[in-house]
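K.L.:
I need the structure of the sequence given here:
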Amino acid sequence: MKIKVRLYASLRDYVPEAKIGSTLEVDLPAGSVIQDLVNYYQLPVELVKLAYVNGIYQELNHELHDQDEIGLFPPIGGG
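P.N.:
Numbering: from 1, shown residues only. Purely as a prediction, here's the structure:
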């Protein structure tokens, strides 16, 4: 299945082809979950604090479907 992925902030540092505003397309086996995507890109799981699928917050064990759009975010601080 093909999914679209956007990495935000410091997570882009782990994937050289991920540029600001770019969407990556990846082909994963049917039944894959967000954690499989994190593993695919070799992202440190402790740095993935938020995951959105089609604009809705999901846990890392959420099953993905063909053409899903995923956004992965690191911890975000503010003041």
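K.L.:
quick one: residue 52 and residue 58 touch, right?
P.N.:
Yes. Here residue 52 reaches residue 58: they are 6.9 Å apart, a contact under Cβ atoms under 8 Å. Bear in mind the C-beta positions are built from the backbone N, C-alpha and C, glycine included.
K.L.:
checking the residue nearest the centre of the chain next. Helix, strand or coil?
P.N.:
The central residue of the chain, meaning the one whose C-alpha is nearest the mean C-alpha position (Cα atoms, centre = their mean), is residue 72 at 3.9 Å. Local secondary structure at residue 72 is given as strand here, using DSSP: H, G, I helix; E, B strand; the rest coil.
K.L.:
what sits against it?
P.N.:
Contact partners of residue 72, counting by Cβ atoms under 8 Å, 6 or more residues apart in numbering, are 5-8, 11, 34, 37-38, 43, 48, 50-51.
K.L.:
can you do 7 Å?
P.N.:
When the contact criterion is Cβ atoms under 7 Å, 6 or more residues apart in numbering, the partners of residue 72 are 7-8, 11, 48, 51.
K.L.:
in helices, which of those residues fall?
P.N.:
Applying DSSP state H to those, no entry is found in helices.
K.L.:
of these, grab the buried ones for ChimeraX.
P.N.:
Of those, the buried ones go into a single ChimeraX selection, burial set by 16 or more other Cβ atoms under 10 Å:
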select :7,11,48,51
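K.L.:
out of the contacts of residue 72, the closest to residue 1 would be?
P.N.:
Nearest to residue 1 among the contacts of residue 72, counting by Cβ to Cβ, is residue 51 at 16.8 Å.
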